[in-house]
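Novice: okay, sequence plus prediction incoming.
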Amino acid sequence: MDFDQNEDIPDLRSPQQSPPPGYIPPVSYYPPPMPPRKSSAWKIFVRIILVMSILANILMFVMLLGLGAFLVTGHGMLSEHLIRESDAKDKIAVISVEGIIHSQLADSVYDQLEAAASDRNVKGLIVRVNSPGGTISGSDGIYHMIQQYRKEHSKPVVAFMQGVAASGGYYASVACEKIIAEPTTITGSIGVISWWLVVQELLEDKLGIMPVTVKSGRKKDWPTSFRKPDAEELEYIENKLIRPAYGRFLTVIAEGRKGILTVGEIAPLADGAIFAAEEARKEKLIDDIGYLDDAIAMVKSMAGIQDARVIEYRRPFSFGDLLIQKNNTLKIDRNTLYEIGTPQILYLWSAY
């Protein structure tokens, strides 16, 4: 056979000859080297770190939940704010009774008194009252707490009336050893008031609603908003609610102003009338007229100290306050309806 015809085929084995166009030489493939195996000790260490990280995250989550509850509810320690500066170690604490008196305000007063009681540097208290009064139970609760503080700690407690200290506001003030009022203060209004709404005609004549009451005795629903009270019902309310609360008011004043006023002297003043500061001092309902610095000087003198820092207690602002403001809308529920339809027996100056 003649092989000369294959002379045109290049000999690739010859280094002098170049490969033909389009020729792709074979590429050798080598797998990447395997990473070295980790030791068992390293694996155990990594697992321990992972478990500790998970536990730390769980703990942090629980702490955040607790912090969130604190910020939303506002519960926690009261913060101390300086009113009058001094280098002295001794303190005079100002306890605030401000606004309509109710159970929440009574709770706030309790917290403030507890904070003062736990501070050995507090040598006396000023109870700053700016309130027209409120519920009987709230007013009496504040009175009792101040009396209890005085018995347990034997420190001077002075009431400082600022603006309005009427009815329940005066009731709380007489728990203090001395009472001083600003010159423009309105006080007095010693007495009890009650009111409720009668919606019988609105429901029956305007809305066509007929209330139905089933009761075990005829006095069970006295008084009621579903009908106009008769003379017997009004006398019943006066005897059962108004007079006992009124008598309690006179007794509390007599105890608080012991040696200054008797029940017989208080009774003519207890017709609900209000008194300006000067008239209240003339009638011996208060001891003196002055301002906060005068009240501070009075406590220093009674405590036998030369100087003191004057502080007050405040609750830190919380996100709960924002939520309350944001959701401050009128909501009618069963409790609201009960409060509207139930007579309120109050130590309150109603003209406020």
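Specialist: In hand now; what should we look at?

Novice: check what pLDDT the nearest residue to Gly188 once chain neighbours are set aside gets.
Specialist: Nearest in space to Gly188, with sequence neighbours left out and distances taken as CB to CB, 6 or more residues apart in numbering, is Phe275 at 4.0 Å. Quick note: C-beta positions are derived from backbone N, CA and C, even for glycine. According to the per-residue confidence, Phe275 scores 98 in pLDDT.

Novice: sketch out the low-pLDDT regions of the stretch 1-150 of the chain for me.
Specialist: Where the stretch 1-150 of the chain drops to pLDDT under 70, the residues are 1-47, 51, 61-76.

Novice: where along it do the strands fall?
Specialist: Secondary structure of the stretch 1-150 of the chain (DSSP state E, counting those that start in this stretch): strands located at 79-84, 91-98, 122-131, 133-135.

Novice: am I right that the residue nearest to Gly188 sits in a strand?
Specialist: Yes. Phe275: assigned to a strand according to DSSP: H, G, I helix; E, B strand; the rest coil.

Novice: beta partners for it?
Specialist: Beta bridges link Phe275 to Thr187, judged by DSSP bridges.

Novice: gap between it and Ala175?
Specialist: 19 Å (CB to CB, to the nearest Å).

Novice: again with His144
Specialist: Computed as CB to CB, the His144 to Ala175 distance reads 8 Å.

Novice: so what's the residue nearest to Gly188 up against?
Specialist: By CB atoms under 8 Å, 6 or more residues apart in numbering, the contact list for Phe275 reads 186-188, 269, 283, 285.

Novice: between these, which has the most around it?
Specialist: Neighbour counts for the contacts of Phe275 (other CB atoms under 10 Å) peak at Thr187, which has 28 neighbours.

Novice: for Ile289, see how far away the residue nearest to Gly188 is.
Specialist: Taking CB to CB as the measure, Phe275 falls 12 Å from Ile289.

Novice: then Arg315?
Specialist: With CB to CB as the criterion, Arg315 and Ile289 are 31 Å apart.

Novice: more neighbours: the two, which one.
Specialist: Taking other CB under 10 Å, Arg315 and Ile289 do not tie; Ile289 has more neighbours (18 against 15).

Novice: nothing else from me, thank you.
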